[in-house]
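In: sequence and predicted structure below; questions after.
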Amino acid sequence: MALLQVEDLKLHYKTLRGNARAVEDVNFSIEKGETLGLVGESGCGKTSTVIAITRVLPKNIEALKGQVLLMGEDITKLPDEVFRKEVRWKKISMVFQGAMNSLNPVIRVGDQVAEPILLHEESTKNEARERVMDLLEIIGLPKEFYSRYPHELSGGMKQRIVIAMALILSPSLVILDEPTSALDVSIQAQIMNLLKSLKRKLGISMIFITHDIALASDLSDRFAVMYAGNIVEVGNAAQVLTNALHPYTQLLLASTPRLREDVTPSYIPGAPPDLVAPPTGCRFHPRCPKSFDRCSSEVPADFEPEPGHRVKCWLYGG
């Protein structure tokens, strides 16, 4: 049984111009101990997908449908209070984009990491403090950092603290929304090495969200490629990175600089579509170099040219 199974997930926002179809019929799964790289351009619906899973929703939701099965249980049917007490932070936690700026500047970082323990479990402050100190050592920070304030930490240290907050209740699944986007390259490498170490030592599952498919390849076992609210390709790392099927995935990979090849990176022509009024048929067809008549009139089905490798493109079936 998959740890997480997302089926026909749909999320629309209400805006002044109409409904923005941010997530449309999204399907994917994650196994225990596996990392799924959720990749795509900014605004394609990656963050909307995971806030629908974690139910951290804004007030302007127009439609939310689909199933999210956690170990076979549909957590979308749980009452909000039950979800908050039994699922959020305990079973699924999230490191939000720009989370370093969410640390309270006047509270010691150790107390901020300990807060979920005190809220969700019957632990004393001393017990919580000991658990936080043990976790600080696991994420590569000395125990003494418990008493520091956020302004005393570098960007990489703050990011480690935010990751510790997501791990403190030992969830089965951790969602990381662009956890390295605000860091320079050397610190980014340190955080990626930390995540690989945590994955190996703790056996946790992760969803790693990024627009950088090369960065995701350093951590991900499988990929889900997202474009304009749709998952257009899903496969294991070898399938997606060495045999990309969807034209959008191929262009994403072609735009990535190569260290060992004398190949000039290309760019994806055009701009992402307006999700209030997305194109008919395949949403990528206005930018696709391989589109033909059917692409503009019919929404492509999911095809599976090889086992475990799904693609939403008329080039492979129909």
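Out: Good, I have the coordinates. Numbers count the residues shown, from 1 in each chain.
In: which strands or helices does the helix or strand containing residue 68 pack on?
Out: Using DSSP states H and E, residue 68 sits in strand 61-70. For strand 61-70, the packing partners by 3 or more CB pairs under 8 Å, 6 or more residues apart in numbering; DSSP states H and E come out as strand 4-15, strand 18-30, helix 46-54. Where C-beta positions appear, they are placed from N, C-alpha and C, glycine not excepted.
In: make a markdown table out of these and add mean neighbour count, mean pLDDT and distance to residue 289.
Out: Output for the helices and strands packed on strand 61-70, formatted as a markdown table (neighbours: other CB atoms under 10 Å; pLDDT from 0 to 100; distance: least, CB to CB, whole Å):
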| stretch | mean neighbour count | mean pLDDT | distance to residue 289 |
| --- | --- | --- | --- |
| strand 4-15 | 18 | 96 | 29 |
| strand 18-30 | 20 | 95 | 23 |
| helix 46-54 | 23 | 95 | 24 |
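In: in JSON lines, list the ones you listed along with distance to residue 139.
Out: Listed next are the helices and strands packed on strand 61-70 as JSON lines, based on distance: least, CB to CB, whole Å:
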{"stretch": "strand 4-15", "distance to residue 139": "24"}
{"stretch": "strand 18-30", "distance to residue 139": "22"}
{"stretch": "helix 46-54", "distance to residue 139": "22"}
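In: related to what we said a few turns ago, gap between the next helix or strand after the strand holding residue 68 and the chain center?
Out: As assigned by DSSP H and E, the chain's next helix or strand after strand 61-70 is strand 73-74. Taking CA atoms, centre = their mean, to the nearest Å, one finds strand 73-74 lying 20 Å from the centre of the chain it belongs to.
In: make 519 the starting number, not 1.
Out: Okay, using 519 as the starting number, the last item reads as strand 591-592.
In: pairing partners for strand 591-592, with directions?
Out: With DSSP bridges as the test, strand 591-592 is paired with strand 579-588 (antiparallel).
In: isn't residue 667 right up against residue 624?
Out: Yes - using CB atoms under 8 Å, residue 667 is in contact with residue 624, at 7.3 Å.
In: more neighbours: which of those two?
Out: residue 667 (14 against 7; other CB atoms under 10 Å).
In: against residue 636, how distant is that one?
Out: 19 Å (CB to CB, to the nearest Å).
In: quick one: low-confidence parts of the stretch 719-836 of the chain?
Out: Along the stretch 719-836 of the chain, the parts satisfying pLDDT under 70 run over 836.
In: tell me where it has helices.
Out: Secondary structure of the stretch 719-836 of the chain by DSSP state H, counting those that start in this stretch: the helices cover 731-734, 755-760, 765-772, 811-815.
In: am I right that residue 612 is in a helix?
Out: No - Residue 612 is assigned strand when assessed by DSSP: H, G, I helix; E, B strand; the rest coil, not a helix.
In: can I get the strand holding residue 586 in PDB, CA atoms only?
Out: Extracted C-alpha coordinates of strand 579-588, given in PDB (Å, rounded to 0.1, in the frame of the first residue of the first chain):
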ATOM      1  CA  ILE A 579     -11.300  28.500  -2.400                       C
ATOM      2  CA  GLU A 580     -14.000  28.000  -5.100                       C
ATOM      3  CA  ALA A 581     -13.700  24.200  -5.500                       C
ATOM      4  CA  LEU A 582     -11.800  21.500  -3.800                       C
ATOM      5  CA  LYS A 583     -12.400  17.900  -4.900                       C
ATOM      6  CA  GLY A 584     -10.700  14.500  -5.100                       C
ATOM      7  CA  GLN A 585      -9.200  12.000  -2.700                       C
ATOM      8  CA  VAL A 586      -6.000  12.100  -0.600                       C
ATOM      9  CA  LEU A 587      -5.400   8.600   0.900                       C
ATOM     10  CA  LEU A 588      -2.900   8.400   3.700                       C
END
